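> Can you look at this prediction? I've put the sequence above it.
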Amino acid sequence: MAGSHAKVTRLIGESILQRRFIAVVGLGALAVVLAAGCRPNRRAADHAREQVLYSATASDPRTFNPILVTDATSGQIIGDLFDSLIQTNPMTTLPEPRLAKSWDISPDRKTITFHLRHDVRWFDGQPLTSRDVLFTMKVIYDPKVPNSIRPGLTIDRKPIESEAPDDYTVVMRLPKPFAPLLYSIQIPIIPAHVLEPIYAAGKFNQSWGINTPADQLIGDGAYKMTRYVQGQVVQYANNRDFWMKDEHGGHLPRLRGQTEIIVQDQNAAYLRFLSGQIDVYGPRPEEVVDLRDKTRQLDITLREAGIDTGTLFFSFNRNRKHFARGGVTDPKLSWFTDLNFLRAIAHAVDKKAMINLCFHGLAEAAKGDISPANKIFYDPNIHDYDYDLKLSEQLLESAGYHLARPGLRVDPQGNRLEFNLMTNTGTPERDQICVIFKQDLETLGIKVNYRPVEFTTLVERLDSTFDWDCVLIGFTGGLEPNDGADFLRSSGNLHIWNPNQPTPATPWETEIDRLLDEGASEMDEAKRAPYYWKIQEILHDQLAVIETVRQQRYAAWKNSLENYQPTVWGLYRPEWIQFRAE
């Protein structure tokens, strides 16, 4: 079961393409639940009898191509179709074999040799070989193929060189020792015999879009997609040729299939769980309170997984290409790059109100980019921006942002302080956070035009059109901070405030790039941590992102499920999940 690669994710952290995270979907109108058409409405007992696991997701995918994924939903939906050389065990947080049955690292730590399994076949029956791994690496490093994987596998601005001595051996040569390798290389392998001709024709970026028939998606994972109906459902069947076996030599996965219902409204998803139409659920805080009293009645388990591994933050657009047009620069660019303005905003974020009103106390203030769940790389030394509207007002006044009249503040040139704020629809907590934020800023005389948008529209604005002012967005987080290089590095396509920079736009972004390189070269884990602490401190000081809060994550599932073991880092041994025999 899949989660998200790097920070896609981070559009929202963990390897989307390696394991399915507990779906954080939630509530809406009863009419949605009862809607007719193609939406499944099977009796709960059918799930166990048919061994089909039902879950929900909040939006449609943007692509079925695992290399092109930049959002969590796409990664979640195709995550079980593709396997990786190795994966992280969510219990031990250590790398373990997948397509590679073993690997050897040279004494100088600049060469790693992967020994592939001989029993892996693509859905069309063709064997997986080293050719597929080499093709995957070639595509990732192609600058004409936009992807979020490349920054995490770039070492001193150089690619990893790969060669194949035979069909089941891959040798990777690194420019220098690279500490994150065993985490960063956890990428989906794609079939060369299917996609290489398309790539050669220059059409890879158009391949495997969401209109591709399900039977044309050739993977090697535990499940095959059998059906996708936009806005309604994704269905999967057990891959009977999957390579993995249980301790008795039995076929895995044990489930015969999965059904992912697309429910954009979180209220509707919760009602589906209560009625037994979905089997697993990531409840929101108010639902946790409700479910605590219903576990026996519903015959479910409710368990705290831990603090969110990701981050939920505001960010302001600093992309000069968006604000400078026709020789005229929008004054917003000067505000969004002014530390005095940004500090005033940071001190106007009422995290206590967000925790209590939006999360029913089941959250904590976020200070840095890396979650406390990451025991090694979390920076304990960051001091938060206290909520203080008087200080915000003082900072604005001292920087020349004066009140022209009550409720109307202008910049030094007399332009009214006004900007647009967006987040994705269907997430009431984010909506409430934005309302709190808007109210506090308007107290300071700053006009905020709050306009939530569909998630796919939000992602398009962030990574394609760059048409936005301020966003509240959630990114996932992983164990290996270098896997967030697409977000942290100035050249990254998820460096959302100013992405894809040919050279760093600011000295502090140059410094982050340098720290990423040096941190990845340090092989002693204890000595690596300070590099990433410093990166978090720079982000905190330069306010590229303004942190809000981190939620306490919970998982809920039917007691008829066996071997369902969620953690904040993903599901443990999802291939063993099954319904108890009745």
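Done, it's in. Numbering: from 1, shown residues only.
> which helix is the longest one in the chain?
As assigned by DSSP state H, the longest helix anywhere in the chain is helix 525-542.
> Quick one: distance of the helix or strand just after that one to the chain centre.
Next helix or strand after helix 525-542 toward the C-terminus (DSSP states H and E): strand 546-547. Its chain's average C-alpha position is 17 Å from that of strand 546-547, according to CA atoms, centre = their mean, to the nearest Å.
> Moving C-terminal from strand 546-547, which element do we reach first?
Sequence-wise, the next helix or strand downstream of strand 546-547 (DSSP H and E) is strand 549-558.
> quick one: low-confidence parts of this structure?
Residues of the chain meeting the criterion pLDDT under 70: 1-45, 582.
> what does the domain assignment say about it?
Per automatic domain parsing, the domain ranges recorded for the chain read 30-80+209-307+553-579, 86-199, 311-551.
> Show me the strands in the stretch 301-450 of the chain, by range?
Using DSSP state E, counting those that start in this stretch, the strands assigned to the stretch 301-450 of the chain run over residues 311-316, 324-325, 328-329, 363-365, 402-405, 408-410, 418-422, 447-450.
> most packed of these?
Ranked by mean neighbour count, the strands of the stretch 301-450 of the chain are led by strand 311-316 with a mean of 23 (mean count of other CB atoms under 10 Å). Where you see a C-beta, it was placed from the backbone N, CA and C, and this is true even at glycine.
> what about residue 304, neighbour count?
12 (other CB atoms under 10 Å).
> err, residue 132, not the other one
As a burial measure, residue 132 scores 27 neighbours (other CB under 10 Å).
> how close does the closest residue to it other than its chain neighbours get to residue 79?
Distances taken as CB to CB, 6 or more residues apart in numbering put residue 192 closest to residue 132, at 4.9 Å, once the chain neighbours are dropped. Residue 192 sits 21 Å away from residue 79, going by CB to CB, to the nearest Å.
> Look at these two and report which has more neighbours.
Shown here are residue 192 and residue 79; by other CB under 10 Å, residue 79 has more neighbours (29 against 22).
> Against residue 96, how distant is that one?
Residue 79 sits 17 Å away from residue 96, taking CB to CB as the criterion.
> In CSV, list the C-alpha atoms belonging to stretch 224-237.
What follows is stretch 224-237, C-alpha atoms only, in CSV (Å, rounded to 0.1, in the frame of the first residue of the first chain):
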residue,chain,number,x,y,z
LYS,A,224,-3.4,-4.2,-10.9
MET,A,225,-5.8,-1.3,-11.6
THR,A,226,-8.9,-2.7,-13.2
ARG,A,227,-11.1,0.4,-13.4
TYR,A,228,-11.0,4.2,-12.9
VAL,A,229,-14.1,6.4,-13.1
GLN,A,230,-13.2,10.1,-12.7
GLY,A,231,-14.7,11.6,-9.5
GLN,A,232,-16.1,8.2,-8.4
VAL,A,233,-13.9,5.1,-8.0
VAL,A,234,-10.6,3.3,-8.6
GLN,A,235,-10.7,-0.5,-8.4
TYR,A,236,-7.8,-3.0,-8.2
ALA,A,237,-7.4,-6.7,-8.4
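> Can you give the distance from it to the centre of its chain?
Its chain's C-alpha centre and that of stretch 224-237 lie 21 Å apart, by CA atoms, centre = their mean.
> now do stretch 55-72
Going by CA atoms, centre = their mean, where stretch 55-72 is centred and where its chain is centred differ by 10 Å.
> Make 57 the starting number, not 1.
All right, first residue 57 from here; so that's stretch 111-128.
> Can you list the buried residues in the longest helix of the chain?
By neighbour count on 16 or more other CB atoms under 10 Å, the buried set for helix 581-598 is 584-585, 587-596, 598.
> Could you pull out the helices in the stretch 57-206 of the chain for me?
86-89, 100-106, 128-134, 186-197 (DSSP state H, counting those that start in this stretch).
> Buried residues, the longest one. List them.
Same thing as helix 186-197. Of the residues in helix 186-197, 186, 187, 188, 189, 190, 191, 192, 193, 195, 196, 197 count as buried by neighbour count, 16+ other CB under 10 Å.
> Among these, which one sits closest to residue 460?
When the buried residues of helix 186-197 are compared for distance to residue 460 (CB to CB), residue 196 wins out at 52.0 Å.
> Now for the closest one: which residues touch it?
Neighbouring residues of residue 196 by CB atoms under 8 Å, 6 or more residues apart in numbering: 123, 203, 205, 206, 209, 243.
> if we go to 6 Å?
By CB atoms under 6 Å, 6 or more residues apart in numbering, the contact list for residue 196 reads 205, 206.
> re earlier: please name whichever of the helices of the stretch 57-206 of the chain is nearest to residue 441.
helix 128-134 (27.3 Å).
> Report the distance from the closest one to the chain centre.
The answer for helix 128-134 is 9 Å, by CA atoms, centre = their mean.
> From the contact counts, what lies against that helix?
Of the remaining helices and strands, none touches helix 128-134 by 3 or more CB pairs under 6 Å, 6 or more residues apart in numbering; DSSP states H and E.
> what about the nearest residue to residue 420 once chain neighbours are set aside, distance to residue 529?
If the residues on either side of it in the chain are set aside, residue 420 comes closest to residue 606, at 5.7 Å by CB to CB, 6+ apart. To residue 529, residue 606 is 14 Å away according to CB to CB.
> now do residue 378
When distance is defined by CB to CB, residue 378 is 17 Å away from residue 529.
> between the two, who's got more neighbours?
When residue 378 and residue 529 are compared for neighbours, residue 529 comes out ahead with 23 against 18, by other CB under 10 Å.
> Give me the secondary structure label for the more buried one.
strand (DSSP: H, G, I helix; E, B strand; the rest coil).
> Thought residue 523 was touching residue 375, still the case?
No. Residue 375 is beyond contact range of residue 523, at 9.7 Å (criterion: CB atoms under 6 Å).
> Neighbour count: those two, which is higher?
More crowded of residue 375 and residue 523, by other CB under 10 Å: residue 375, with 20 against 13.
> and that one, what does it touch?
522, 554.
> Also the one 3 residues further on?
The neighbourhood of residue 378, defined by CB under 6 Å, 6+ apart, consists of residue 522.
> mind running it again at 10 Å?
Contact analysis of residue 378 by CB atoms under 10 Å, 6 or more residues apart in numbering lists 386, 388, 389, 517, 521, 522, 523, 524, 525, 554.
> before we move on, what about residue 461?
With CB under 10 Å, 6+ apart, residue 461 has these contacts: residue 501.
> So what's the residue count around residue 161?
13.
> Now it: closest residue in space that isn't a chain neighbour?
In space, and not counting its chain neighbours, residue 161 is closest to residue 168: 5.1 Å by CB to CB, 6+ apart.
> can you pull up the bridge partners for the one you found?
Here residue 168 sits in beta bridges with residue 161, residue 228, going by DSSP bridges.
> looking at it, it is touching residue 229, isn't it?
Yes. In this structure, residue 168 is within contact of residue 229 by CB atoms under 10 Å, at 8.5 Å.
> which one of the two has more residues nearby?
residue 168 (22 against 13).
> Tell me which residues touch that one, please.
Listed by CB under 10 Å, 6+ apart, the contact partners of residue 168 are 141, 156, 159-162, 216, 218, 226-230, 234, 237-238, 241.
> PyMOL command to pick out the buried ones of those residues?
Burial among those is assessed by 16+ other CB under 10 Å; the matching PyMOL selection reads:
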select buried, resi 141+156+159+216+218+226+227+228+230+234+237+238+241
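> From residue 552, how far off is residue 371?
6 Å.
> Find the residues that touch each one of the two.
Taking CB under 10 Å, 6+ apart as the contact rule, the neighbours common to residue 371 and residue 552 are 518, 524, 527, 529, 531, 600, 601.
> Cool, thanks, signing off.
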